[in-house]
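> after the sequence you'll find the predicted model.
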Amino acid sequence: LSGRPTFEELLGRTRERTLAVYAHQELPFERLVDELQLRRDVSRNPLFQVMFALQDAPLPSARLENGLSFAPVSFDPGTAQFDLVLSMYESRGRLRGILKYSTDLFDGATIARMIEHYRVLLEAMTTDPRQRMFDVPLEPAAGSGRSAAGPADQPGEFDFAGLGDRGGTTPVEGSRPVDE
């Protein structure tokens, strides 16, 4: 984030670095950890504790000639694999997400604030991608009528309906706490 980049510049940098990493995806995870000389702890991932996942392709269903069919199934392991996981996807023209978090580290109010800050950041980015990301206030504008104020301690999803609109409300049905 050096040099106070614009959203466009940051996306370009991220794209370049991501493509460079993909060029080395055959490197075994264990070798990477050994090469970096990271201290191992079986209770934590040695490289990261926060994950962002974007599902930008529809999950296919399949039907075999014998009538057997396969379809994606949601699976919730019930425990947090990481401290924080934000999974985003598009559904019916809306950007939707699930935020799973460790309740040992975060409470519902903190997660609700994070979701709202993320919404404000995404809206600013889509409104003017040439603005510098550090110039965007993360709190919603007074009187905007927008809020991520769903009960964040209930299982569910949130969405950013009308992202980039001027006015209206952004429904947020909550996020999913995961006890460790």
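Alright, I've got the coordinates.

> so how many other residues sit close to the nearest residue to residue 52 once chain neighbours are set aside?
Excluding its sequence neighbours, the residue lying closest to residue 52 (Cβ to Cβ, 6 or more residues apart in numbering) is residue 86, at 5.1 Å. To be clear about C-beta, it is placed using only N, CA and C from the backbone, and glycine gets the same treatment. Residues contacting residue 86 under the criterion other Cβ atoms under 10 Å number 18.

> again with residue 115
Residue neighbour count, defined by other Cβ under 10 Å, stands at 24 for residue 115.

> before we move on, the earlier item: now the residue nearest to residue 52: which helix or strand?
In this structure, residue 86 is located in strand 84-91 according to DSSP states H and E.

> list the buried residues of that strand.
If you call a residue buried by 16 or more other Cβ atoms under 10 Å, then strand 84-91 has these buried ones: 84-89.

> turn these into JSON lines, including pLDDT.
Below are the buried residues of strand 84-91 laid out as JSON lines (pLDDT from 0 to 100):
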{"residue": "84", "pLDDT": "89"}
{"residue": "85", "pLDDT": "88"}
{"residue": "86", "pLDDT": "88"}
{"residue": "87", "pLDDT": "85"}
{"residue": "88", "pLDDT": "85"}
{"residue": "89", "pLDDT": "83"}
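
> good, wrapping up.
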